[in-house]
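**Q** Kindly generate the corresponding structure for this input.
(chains A and B)
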Amino acid sequence: MESDGDLNEALIAARSNVSWGWNAIYRSLAPTVTGYLRAQGAAEPEDLAAEVFVQAVKNIKRFQGDVTAFRSWIFCVAHNKLVDDSRYRSRRPVQPVADAGSDRVCSTRVEEQVLNNLASDRVRQMIAELTPDQRSVLFLRILGGLTVDEVARALNKNITAVKALQRRGLASLKKEFSAQTVSI
Amino acid sequence: MDNYRGNDAEVDGIFDGESDDAWADPNIIRRITEDLREAYVLPLDDATQAKHLAAIADAISQNARRPRVLPLAQRPSTDGSRCASTFVRAAGSAQVAREVSTASLATPFGARTAGTASAPSPRPRTPLAAVGSLPEPKTAHVSWIRPGAFLGSIYSKAAVIAAAIAVSASGLAIAGSLPDPVQTAFSQAAGAIGLDIPAPIQPPAVSPAPPREQAVAPPVLPEPLPVIPQEPLPVPIVPPPAPVAGAPRVQTPPPAVQVASPAAPADLEAWLSELIRQALATANARAMNPQSQPEAGAAQSGQTGGQSWASENPWQSYGTNGAQTNAGSGSGYPSSPPKAKPQSRPAAGSSYDD
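**A** Predicted coordinates for the structure are as follows:
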C-alpha cells in the first residue's frame, strides 16, 4: 500500500482524468476493496471491485476531500455496489459452475491450499456469529483500515452506533476465538 | 472486553496489536486481525489487474469525452451571462471564465460578446392593474402571428389571397360555372397552355329577317283534296278458289279480314298520306267494278249479321235523312258519294309526293 502522500498526488491526477493516477489508486486500494467484498460474501468480488473503481472514475467530479475521505468514499461505493449486487442476485439466482482450470492450478500447492482453507474456515466460523452490521464495521476497520468516523460515513451511520457495533463485534470474535483455541 | 468503554485510539491500538492488557489480550486481537487479512485480503493476479485497469481506462476516456452539461434551470442568470457562466462552471477554470466573459463568442451569425446582454425591461403597467381586486388587463392587441413569421407582411397576405382566388376560379372554370366572358377567357388562356377547359355554350346565331322583296315565294301546294271521313272501309273478300278434283285437299285457314285501321297519328303527315292512299284505292276499286259492291256488301252483311252496306253508307243515310241532308244548299257538304277520281290520278299505293 502506498503512503498517503503518494496517494494524494495520485488523487490529484485522478481528478484530471489522468490514467496513472487511477492506476496508483487501484493498486493501492483494490486488494482491500476486493477483500472487503469477498468477506461480505460477494459472488464475484474481483468483478465487483472493478465496477467499484469504474463508478469512482465516473463520479470523481462529485468527490471533494483528501485521501482519507477518498478511501472512505471508495468503501462507501463498494458497500453500495455490494448491496445492489446482493439484491440483483436475489432476484436472479445463478447456479455456479465448477472451473476445471482453477482446480488444476490449485492442485500444485495442495498443502498450502488446505491450510488456507482451514484458516478461512476458522475465520468464517468466527465471523458467522456476527450480525451483518457488526461484520461490516469490523471488516471496514480491520480490512479497510478506516477510522470510526470514516466507517460511519461509509455505512451512513452515526459514530455512536458504529462504536457500539464495533465493541459487540470484538467481544463476539474473542468469544469464538477462545472457544476454537480451547477445542484445538 | 465486554465492558470496554475506550476511545478509538485504544481500539486502533488493539487492531494494531499495541494495546495493553487492560481489557483484552492484544495477541488475540492481533491474531484475529491477521487471520481476517490473510483470509480475505489477497493480491490480485496480473490478468485481473490488467482487465480492471483496461476497464478503468475506458471509463476515463468516456469521462473525458462526455461534456459536463449543467442544467440551465438550476443556473438562473439575471445579467444575461448565462451561457458564459455555464461554460465556465463546466470547465471549472477561473482563467477560462475571465477569457469568456471578456472575449467574443464566435457564432454562426457572427461574433457575439458574452455577458453584456441584459433582460428586457418590463412593460409599464396600466393604471387599471393597480386596482387590487381586479384582474390584470390584457394587452390591447395580441398578435398570434409574429412579425417576422409567415403571413407577417402585407405582401405575403396578398399572395395568399391571390392564390386562394386563383384556385377557386380554376375550380369554377373547370366546372363551367363562371360567367360566359370569364369562362371564355379562362378557356382560351388554358387552351394556350394545353389545358382543356370547356368554353361556354354559344346559342345559335339569329340571322336577320330578310327584306320583303327577297322573301321566298310561298310554296305551291297541291290542289286541295276532299276530306274523307274516317270510316272502316270495306275490303273486298275474294272467295277461295274451288278445289280441283283429284288434287290434294289442303286445309288453308280462311283469310283474315284486313281492316284498314291506321295507327295512332304519331306522325300526322304520314298518317294522312296513308289515309288518303287507302281512300283513293277504295275509290278506284269502286270505279272499276261498280256492280261488285252489292255482292261485296251482301257478303260482308252475311258475315256481319245481315246488316247491309247501304244502310251503313253514310252518304246514303245523309241522302235519305232530310233533316241531315243539305242538298242544294251549296254549302259544299256532299250530298252523294264522291265520284271516282279520273284515271289520270295516280294509282293506289302512290303518294302525292310523287
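
**Q** helices or strands next to the helix or strand where residue A:75 lies in the packing?
**A** Assigned by DSSP states H and E, residue A:75 belongs to helix A:67-91. If contacts are counted by 3 or more C-beta pairs under 8 Å, 6 or more residues apart in numbering or on different chains; DSSP states H and E, helix A:67-91 sits against helix A:4-15, helix A:19-39, helix A:45-58, helix A:148-155. Quick note: C-beta positions are derived from backbone N, CA and C, even for glycine.

**Q** between it and helix A:19-39, how many degrees?
**A** Counting by axes from the mean of the first three to the mean of the last three C-alpha atoms, to 10 degrees, helix A:67-91 lies at 50 degrees to helix A:19-39.

**Q** tell me, how many neighbours does residue B:282 end up with?
**A** Residues lying near residue B:282 (other C-beta atoms under 10 Å in any protein chain shown) number 18.

**Q** repeat for residue A:51
**A** Neighbour count for residue A:51, taken as other C-beta under 10 Å: 19.

**Q** so residue A:162 sits right up against residue A:152, yeah?
**A** Yes - between residue A:162 and residue A:152 there is a contact under C-beta atoms under 8 Å: 4.6 Å.

**Q** residue contacts, the most centrally placed residue in chain A?
**A** A centroid search over chain A (C-alpha atoms, centre = their mean) returns residue A:36, at 1.4 Å, as the residue closest to the centre. Residue A:36 sits next to A:75, A:78, A:139-140, A:143-144, B:40 when contact means C-beta atoms under 8 Å, 6 or more residues apart in numbering or on different chains.

**Q** tell me the mean pLDDT over the helix holding residue A:75?
**A** For helix A:67-91, mean pLDDT rounds to 86.

**Q** Same drill for residue A:162 and residue A:152, tell me which one is more crowded.
**A** More crowded of residue A:162 and residue A:152, by other C-beta under 10 Å: residue A:162, with 26 against 20.

**Q** If you count contacts, what does the helix or strand harbouring the more buried one end up packed against?
**A** Under the criterion of DSSP H and E, residue A:162 resides in helix A:159-183. Helices and strands touching helix A:159-183, as assessed by 3+ C-beta pairs under 8 Å, 6+ apart, comprise helix A:110-127, helix A:132-142, helix A:148-155, helix B:8-16, helix B:26-40.

**Q** low-scoring pLDDT stretches of chain A, where are they?
**A** Low-confidence segments of chain A (pLDDT under 70): A:1-4, A:93-120, A:180-184.

**Q** Can you name the residue of it nearest to chain B?
**A** residue A:35 (3.6 Å; C-beta to the nearest C-beta).

**Q** Was I right to think that residue contacts residue B:41?
**A** Yes - the criterion here is C-beta under 8 Å, and residue A:35 meets it with residue B:41 at 3.6 Å.

**Q** overlap in contacts of these two?
**A** Joint contacts of residue A:35 and residue B:41 (C-beta under 8 Å, 6+ apart) are residue A:143.

**Q** contacting residues for residue A:151?
**A** For residue A:151, the contact set (C-beta under 8 Å, 6+ apart) comprises A:72, A:137, A:140-141, A:157, A:162.

**Q** hmm, try it at 7 Å
**A** A:137, A:140-141, A:162 (C-beta atoms under 7 Å, 6 or more residues apart in numbering or on different chains).

**Q** Kindly report the same for residue A:40.
**A** Contacts for residue A:40 (C-beta under 7 Å, 6+ apart) come out as A:82, A:139.

**Q** counting contacts, what elements does the host helix or strand of residue B:167 pack onto?
**A** Using DSSP H and E, residue B:167 maps to helix B:154-175. With contacts taken as 3 or more C-beta pairs under 7 Å, 6 or more residues apart in numbering or on different chains; DSSP states H and E, helix B:154-175 sits against no other helix or strand.

**Q** could you give the mean pLDDT of it?
**A** In this model, helix B:154-175 has an average pLDDT of 90.

**Q** how about it: buried residues?
**A** By neighbour count on 16 or more other C-beta atoms under 10 Å in any protein chain shown, the buried set for helix B:154-175 is residue B:173.

**Q** ok, then the element right after that helix?
**A** Sequence order places helix B:180-192 as the next helix or strand after helix B:154-175, per DSSP H and E.

**Q** Other residues contacting that next one?
**A** Contacts for helix B:180-192 (C-beta under 7 Å, 6+ apart): B:173, B:176, B:178, B:197-200.

**Q** Buried among those? Make that a ChimeraX selection.
**A** Those of those that count as buried under 16+ other C-beta under 10 Å are selected in ChimeraX with:
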select /B:173,178,197,199
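
**Q** list the contacts for residue B:41?
**A** Neighbours of residue B:41 in contact, by C-beta under 7 Å, 6+ apart: A:31-32, A:35, A:143.

**Q** Max pairwise distance over those: which two?
**A** Pairwise distances across the contacts of residue B:41 peak at 9.3 Å for A:31 and A:143 (criterion: C-beta to C-beta).

**Q** So which of these two has more stuff around it?
**A** Using other C-beta under 10 Å, the more surrounded residue of residue A:31 and residue A:143 is residue A:143, with 25 against 20.

**Q** Skipping its backbone neighbours, what lies nearest residue A:79 in space?
**A** residue A:154 (6.0 Å; C-beta to C-beta, 6 or more residues apart in numbering or on different chains).

**Q** looking at it, the one you found is touching residue A:74, isn't it?
**A** No - shown here, residue A:154 and residue A:74 do not form a contact pair, counting by C-beta atoms under 7 Å, at 8.8 Å.

**Q** what about residue A:174, how many neighbours?
**A** Neighbours of residue A:174 under the rule other C-beta under 10 Å: 18.

**Q** Quick one: end-to-end distance for stretch A:55-67.
**A** In stretch A:55-67, first residue to last residue: 17 Å (C-alpha to C-alpha, to the nearest Å).

**Q** What distance do you get for residue B:170 to chain A?
**A** Going from residue B:170 to chain A by C-beta to the nearest C-beta, to the nearest Å gives 65 Å.

**Q** Can you tell me the closest non-neighbouring residue to that residue?
**A** Per C-beta to C-beta, 6+ apart, closest to residue B:170 is residue B:186, 7.8 Å.

**Q** Against residue B:180, how distant is the one you found?
**A** Remark: distance between residue B:186 and residue B:180 (C-beta to C-beta, to the nearest Å) = 11 Å.

**Q** the more surrounded of these two?
**A** Higher neighbour count among residue B:186 and residue B:180: residue B:186, with 22 against 11, using other C-beta under 10 Å.

**Q** so how far is chain A from that one?
**A** The value you get for residue B:186 to chain A, if C-beta to the nearest C-beta is used, is 73 Å.

**Q** Right, I'll leave it there.
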